[in-house]
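Undergrad: Structure of the sequence below:
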Amino acid sequence: MRGDGNASRGGEAEGASSASPFAVPCRSRDEAMKADLHIHSTASDGAWAPDRVVRAAAAGGLDVIALADHDTTAGVAPAIEAARGTGAEVIPAVELSTTRDGRELHLLGYFVDPAAAPMRAHEEKASVARLERMEVMVARLREGGVDVAMDAVLRAAGSDAAVLARPHLAQALVLSGHADSIADAFDRFIGDRLPAFQPTALLDPADGIEIVLASGGVPVWAHPPGDLLDPLLPELVRAGLRGLEAYRPLSGADQVRRIERIARSAGLLVTGGSDWHSPDRNPPLGDFHVPSGTLDPLMEEGRR
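TA: A predicted model of the protein is given here:
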């Protein structure tokens, strides 16, 4: 699948119900609303179940969150249900894993319909591919003398996980005594470009954009690598990209200004989020939120 810049989000997403529970919220916004547009749960590699994420976000003062698990929307429905009565709103989202020339590039899809046929097909493919990828990484570790079992990875992931991800393997390495922490496991064993690393080779970025568009969503390039922004962005814009993620807790001011400038020049939205995974790896939910004026353009785009 390749986007041609003419993909449309108008009307219903393919395979979606006309009475979708994932419609874009329509209540008015003001400058004081706090939003975190990039959060994970146990549906992929987060530490907390979707309902607990929502409760913590509301307790932390967040008005709007986007649950954007890796290659799955399994946490969206329970998150929306948990948000009822809290005053917080949940944007249905996903973070697709794409690959270009051996580099992993992540694509956020906001307002996707989990019932859309393209999204369901991607999730089924991703579940199998991520299991196979994990088996490759476990085999490479064992070949290098690091004895970790696939069963340990599955136990670390737990029954809620719809897909396997590297933090599950990192946790298994900690529990088996090979690493002192999740960060240590990434630094010494499974980080990018280390011998055991295997990219999640699911699809090309342009194909990911098409999946988001065909599922009724707004595609945004997550934490775009600085060296790829200029050469790759024109192609992705032609494919239908609608935004760039700029606001993140550890992003420097120069980096943020550069992404803002590039986004404005290309007519793109600017979004952001904490990329929250766990209380051990990240500050409390609510400590970070996107700047005023970020949310309204995204919500308006989601209503188109």
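
Undergrad: what pLDDT does the closest residue to Glu301 other than its chain neighbours get?
TA: Spatial nearest neighbour of Glu301, chain neighbours left out: Val218 (5.1 Å); criterion: C-beta to C-beta, 6 or more residues apart in numbering. Glycine gets a C-beta too; all of them are placed from N, C-alpha and C. You'll see Val218 listed with a pLDDT of 98.

Undergrad: tell me the domain boundaries of the chain?
TA: 35-114+203-303, 124-190 (automatic domain parsing).

Undergrad: Which one of the ones you listed lies nearest to Phe197?
TA: domain 124-190 (5.9 Å; C-beta to C-beta).

Undergrad: Quick check: end-to-end length of that closest one?
TA: 25 Å (C-alpha to C-alpha, to the nearest Å).

Undergrad: same deal with stretch 159-168?
TA: With C-alpha to C-alpha, one end of stretch 159-168 sits 12 Å from the other.

Undergrad: And for Ala152, the neighbour number?
TA: 18 (other C-beta atoms under 10 Å).

Undergrad: Assess the claim that it and Val174 are in contact.
TA: No - using C-beta atoms under 8 Å, Ala152 makes no contact with Val174, being 10.1 Å away.

Undergrad: hang on, the earlier thing: tell me which of the domains of the chain is the most buried.
TA: domain 35-114+203-303 (a mean of 21; mean count of other C-beta atoms under 10 Å).

Undergrad: mind listing the helices for the stretch 51-200 of the chain?
TA: 76-83, 117-143, 150-157, 166-175, 182-185 (DSSP state H, counting those that start in this stretch).

Undergrad: Could I get those in CSV, plus columns for distance to Ser265 and mean pLDDT?
TA: Below are those laid out as CSV (distance: least, C-beta to C-beta, whole Å; pLDDT from 0 to 100):
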stretch, distance to Ser265, mean pLDDT
helix 76-83, 33, 98
helix 117-143, 30, 95
helix 150-157, 41, 94
helix 166-175, 34, 94
helix 182-185, 36, 93
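
Undergrad: For Gly243, find the nearest of those.
TA: Across the helices of the stretch 51-200 of the chain, closest to Gly243 is helix 117-143 (C-beta to C-beta), at 18.5 Å.

Undergrad: Give the residue spans of the protein that score low on pLDDT.
TA: Applying pLDDT under 70 to the chain flags the ranges 1-31.

Undergrad: And the domains of the chain: which comes nearest Ala196?
TA: That would be domain 124-190 among those, by C-beta to C-beta, at 4.2 Å.

Undergrad: Distance from the chain centre to the closest one, please.
TA: Put simply, domain 124-190 sits 19 Å off its chain's centre (C-alpha atoms, centre = their mean, to the nearest Å).
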